[in-house]
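A.B. asks: any chance you can model this:
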Amino acid sequence: MAQATGTPPERQRELVRMVRQDCGSCHGMHLTGGLGPPLTTAALAEKPVPSMAATIFHGRPGTPMPPWRTFVTEAEALWIAEQLASGFPPWPPRPQP
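C.D. replies: Numbers count the residues shown, from 1 in each chain. Model (predicted):
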C-alpha cells in the first residue's frame, strides 16, 4: 500500500464525511457496528493498519464490503485506516479553539 503522507486537509474532511456517511450506513453512524462490524479503536486494536487499508481499497469478496478504489486512492485508504486505528475524527469537525 502507498504511504498516507500528503493527504491535503480539504480531502481529509471529504474522507471523514465519506466514512461517516457512506461507511456509516453499514458500520453504524457512530461506527459502532450495524450490518458491518464496529470500526471503533477498541474493535480494531488487533487489526494491522495495512490490512485494513487493503480491505477499504479492495473490499472483501463474498461479503457486503465493496471495494472503494473508485472513490479513494491507496494512500487515502491507508489514511482512513490510520484514522480508524487511532480514533476516527467526528463529522462535522469540531471547531478549533
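A.B. asks: name the spans of the chain whose pLDDT lies under the cut-off.
C.D. replies: 1-5, 93-97 (pLDDT under 70).
A.B. asks: name the element the most centrally placed residue in the chain belongs to?
C.D. replies: The centroid of the chain falls nearest to Ile80 when counting by Cα atoms, centre = their mean (3.9 Å). Taking DSSP states H and E as the definition, Ile80 sits inside helix 74-86.
A.B. asks: run the chain-centre distance for that helix.
C.D. replies: 6 Å (Cα atoms, centre = their mean, to the nearest Å).
A.B. asks: ok, stretch 66-73 next?
C.D. replies: Per Cα atoms, centre = their mean, the centroid offset for stretch 66-73 relative to its chain is 11 Å.
A.B. asks: surely Phe71 is in contact with Met18?
C.D. replies: Yes - with contact defined as Cβ atoms under 8 Å, Phe71 counts as touching Met18 (6.9 Å). All C-beta atoms are positioned from the backbone trio N, CA, C, and that covers glycine.
A.B. asks: Provide a list of residues in contact with the residue nearest to the centre of the chain.
C.D. replies: Leu15, Val19, Ala53, Ile56, Val72 (Cβ atoms under 8 Å, 6 or more residues apart in numbering).
A.B. asks: 10 Å instead?
C.D. replies: Contacts for Ile80 (Cβ atoms under 10 Å, 6 or more residues apart in numbering) come out as 4, 7, 12, 15-16, 18-19, 23, 39, 49, 52-53, 56-57, 68, 72, 88.
A.B. asks: which of these fall within strands?
C.D. replies: Among the contacts of Ile80, the subset assigned to strands under DSSP state E is empty.
A.B. asks: Gly72 reaches Trp79, doesn't it?
C.D. replies: Careful, residue 72 is Val; it's not Gly. Yes - counting by Cβ atoms under 10 Å, Trp79 is a contact partner of Val72 at 8.6 Å.
A.B. asks: shared neighbours, the two?
C.D. replies: Taking Cβ under 10 Å, 6+ apart as the criterion, Val72 and Trp79 both touch Thr7, Arg11, Leu15, Ala53, Ile56.
A.B. asks: of the residues you listed, grab the buried ones for ChimeraX.
C.D. replies: Only the buried entries of those go into this ChimeraX selection, using 16 or more other Cβ atoms under 10 Å:
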select :7,15,53,56
